[in-house]
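Q: got a predicted structure plus its sequence, pasted below:
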Amino acid sequence: MSDPQELLKRAEKKGVPSSGFMKFFNGSDSYKFEEAAELCVQAANIYRLRKELSAAGESFLKAADYQLKAGNDDEAANTFIEAFKCFKSSGSFTDAVSSLESAVNLFTKKGQFRRAANFKFDLGEIQENDLTDYKNAIESFETAGEWYEQDQSMALANKCYVRCADLKALDGQYIEASDLYTKLIKNSLGNRLSQWSLKEYFLKKGLTQLAANDTVAASRTVQEGMKDDPNFHDSRECNLLQGLIESVSEGDSEKLSQLVFEFDKFSKLDKWKTTIMLKIKETITEAEDDLL
């Protein structure tokens, strides 16, 4: 097996642009860059076999750089994806994000927005789960959703918008999250595949409005849910939302806690709902403190 470091040294020598008379004589240097890129790819794959994934990722980045110099943007985009895979597997998440962003930029440059959307979603997942970078994760999910929507892939667009809306709510952007749940509801109405998600969207929309201490908007959401979704009227989600609106309006935190307890017995609350419920409860206790 070849020495990957030796391959990289050969690539570095091969990838030096021609100058002076040699440049005039040889013409384009693209073939030199292509050969250098191939040597870097060989080195990267050897590092992969050795399970030295960070070194493999770095070698793929060098290959992509030479491919760009050779004018092979499509190959460079695919090579950036290989670098991303290596960095992600090695736990080098910042490098993984940087590599993936380079690939996405090349895909959009070529008008490949559907493919770009796939990797933009992957980007959001790393930013959210591995880097806890909510600000950029929100942007990634929202952009991916827009690209899927432009491609008429509404199910995939909704998948992105849900992740984006949930993060916005956790980031305290309650009104913006509510607006996005409104978009999700609109996208799902009349759609047989997503109609069963409507109860969840109406509930989440109402919860974010209550977290923003807007009981009027939350009450309007309940009425919209009853009107637009025949399954919402007698659902646990509807009953919970109505009860929460009453609790907030009455400033009764104990009633709110009991409602949440009863709901949790039949439909286990996930981490997101629990976090938003606590925020809603805080709005009541803060109001009580203001009265003292």
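A: Now that the structure is in, tell me what you want to look at.
Q: pLDDT score assigned to the residue lying closest to residue 199 once chain neighbours are set aside?
A: Excluding its sequence neighbours, the residue lying closest to residue 199 (Cβ to Cβ, 6 or more residues apart in numbering) is residue 237, at 4.6 Å. Glycine gets a C-beta too; all of them are placed from N, C-alpha and C. We have a pLDDT of 95 for residue 237.
Q: ok, residue 237 - contacts?
A: 199-200, 202-203 (Cβ atoms under 8 Å, 6 or more residues apart in numbering).
Q: per-residue confidence for residue 214?
A: Residue 214 carries a pLDDT value of 96.
Q: ramachandran angles for it?
A: Main-chain dihedrals, residue 214, degrees, to the nearest 10: phi -120, psi 80.
Q: need the residues that contact stretch 122-135.
A: So stretch 122-135 is contacted by 88, 93-94, 96-97, 100-101, 104, 136-138, 140-141, 144, 160, 163-164, 167, 170-171 (Cβ under 8 Å, 6+ apart).
Q: can you rerun that using 7 Å?
A: Outside stretch 122-135, the residues that touch it by Cβ atoms under 7 Å, 6 or more residues apart in numbering are 88, 93, 96-97, 100-101, 104, 136-137, 140-141, 144, 163, 167, 170-171.
Q: can you tell me which of these are in strands?
A: With strands defined by DSSP state E, no entry of these lies inside them.
Q: any of these buried? List them.
A: Buried members of these, scored by 16 or more other Cβ atoms under 10 Å, are 88, 93, 96-97, 100-101, 104, 136-137, 140-141, 144, 163, 167, 170.
Q: end to end, how far does stretch 204-217 reach?
A: Terminal residues of stretch 204-217 lie 13 Å apart, using Cα to Cα, to the nearest Å.
Q: roughly how far is that stretch from the heart of the chain?
A: Relative to its chain's centre, stretch 204-217 lies at 24 Å (Cα atoms, centre = their mean, to the nearest Å).
Q: again, but for stretch 134-146
A: Here stretch 134-146 is found 5 Å from its chain centre; the criterion is Cα atoms, centre = their mean.
Q: dump it to PDB, keeping only the CA atoms.
A: Extracted in PDB, the C-alpha atoms of stretch 134-146 (Å, rounded to 0.1, in the frame of the first residue of the first chain):
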ATOM      1  CA  TYR A 134     -29.500  26.900  17.000                       C
ATOM      2  CA  LYS A 135     -29.200  30.200  15.000                       C
ATOM      3  CA  ASN A 136     -27.500  28.600  12.000                       C
ATOM      4  CA  ALA A 137     -29.600  25.400  12.300                       C
ATOM      5  CA  ILE A 138     -32.800  27.500  12.000                       C
ATOM      6  CA  GLU A 139     -31.400  29.100   8.900                       C
ATOM      7  CA  SER A 140     -30.400  25.800   7.400                       C
ATOM      8  CA  PHE A 141     -33.800  24.100   8.000                       C
ATOM      9  CA  GLU A 142     -35.700  27.100   6.700                       C
ATOM     10  CA  THR A 143     -33.600  27.400   3.600                       C
ATOM     11  CA  ALA A 144     -33.900  23.600   2.900                       C
ATOM     12  CA  GLY A 145     -37.600  23.900   3.300                       C
ATOM     13  CA  GLU A 146     -37.900  26.700   0.800                       C
END
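Q: what's near enough to touch residue 110?
A: By Cβ under 7 Å, 6+ apart, the neighbours of residue 110 are 73-74.
Q: returning to what we had before: most widely separated two among the contacts of residue 237?
A: Using Cβ to Cβ, those reach their maximum pairwise distance at 200 and 202, which is 7.5 Å.
Q: the two - which one has more neighbours?
A: A direct count of neighbours by other Cβ atoms under 10 Å for residue 200 and residue 202 places residue 202 higher, at 26 against 16.
Q: please report the distance of residue 7 from residue 61.
A: To residue 61, residue 7 is 15 Å away according to Cβ to Cβ, to the nearest Å.
Q: any stretches of the stretch 151-292 of the chain with poor pLDDT?
A: Scanning the stretch 151-292 of the chain for pLDDT under 70 picks out the ranges 287-292.
Q: try 50
A: 291-292 (pLDDT under 50).
Q: tell me where it has helices.
A: Using DSSP state H, counting those that start in this stretch, the helices of the stretch 151-292 of the chain run over 154-170, 174-188, 198-211, 215-228, 236-250, 253-266, 271-291.
Q: flag every buried residue along the longest one.
A: Along helix 271-291, these residues count as buried under the neighbour rule (16+ other Cβ under 10 Å): 273, 276-277, 279-281, 283-284.
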